[in-house]
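Colleague: Coordinates only, no sequence provided:
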């Protein structure tokens, strides 16, 4: 925003009224976006929206599309959680780590994943948003969607939900807590 204000001051002598109006509008939009993004982060109980084209483009090379094998048959919720965590790591090789969890973590979002009978994602709810790095919630939700389906859960007791905690390091890579020994 300061850059735009500086450019307006530099060009104010030679600018047309239309050009000045455009810069003022751009400044207002930038200021509005900055104040909204600073105040609005995910809160507990919020559903995470499905990713759009801009979200996918933003992750670019970090989140590469990986073809996964069909999910294995699951007999209980422990198997669902383990298979889901393994599929999340396999489906998101550029944004995951499997080694030792660092002493200091960037963020620890907790998501509740609700499934359809076939194991596809029905809904993702934020149970615990991180205090900092709020964007990690969307990274985690997108990773869950890329890893789905998680196996046929129609024979398991309802509700068809499980909770996963994401351990993000400073490079915004995550490890599902289920895989941490």
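Modeller: Perfect, I can see it now. Computed from a prediction, not measured in an experiment: that's the story for all the values here.
Colleague: in this structure, which spans are helices?
Modeller: For the chain, helices defined by DSSP state H occupy the ranges 2-11, 17-39, 53-59, 77-91, 135-147.
Colleague: Does anything pack onto the last one? Which helices or strands?
Modeller: Think helix 135-147. Secondary-structure packing of helix 135-147 (3 or more C-beta pairs under 8 Å, 6 or more residues apart in numbering; DSSP states H and E): helix 53-59, helix 77-91, strand 110-115, strand 121-128, strand 161-168, strand 174-176. (Glycine included, C-beta is placed from N, CA and C.)
Colleague: So which of those is the most surrounded?
Modeller: When the helices and strands packed on helix 135-147 are scored by mean count of other C-beta atoms under 10 Å, the highest mean neighbour count falls to strand 174-176 (a mean of 25).
Colleague: Give me the average confidence score over it.
Modeller: Averaging pLDDT along strand 174-176 yields 97.
Colleague: Need the residues that contact it.
Modeller: 84-85, 88-89, 95-98, 101, 136, 139-140, 143, 164-169 (C-beta atoms under 8 Å, 6 or more residues apart in numbering).
Colleague: what do you get if the cut-off is 10 Å, keeping everything else the same?
Modeller: Strand 174-176 is contacted by residues 81-82, 84-89, 92, 95-102, 105-109, 136, 139-140, 143-144, 147, 164-169 when judged by C-beta atoms under 10 Å, 6 or more residues apart in numbering.
Colleague: What of stretch 80-87?
Modeller: Taking C-beta under 10 Å, 6+ apart as the rule, stretch 80-87 contacts 66, 68-69, 71-74, 76, 96, 113, 115, 119, 121, 143-144, 146-153, 156, 160-164, 166, 175-180.
Colleague: Kindly write the ChimeraX command that selects the buried subset of the residues you listed.
Modeller: A single ChimeraX command suffices to select whichever of those are buried according to 16 or more other C-beta atoms under 10 Å:
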select :71,74,96,113,115,119,121,143,144,146,147,148,149,150,151,152,153,156,160,162,164,166,175,176,177,178,179
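Colleague: where in the protein is pLDDT low?
Modeller: Scanning the chain for pLDDT under 70 picks out the ranges 1-65.
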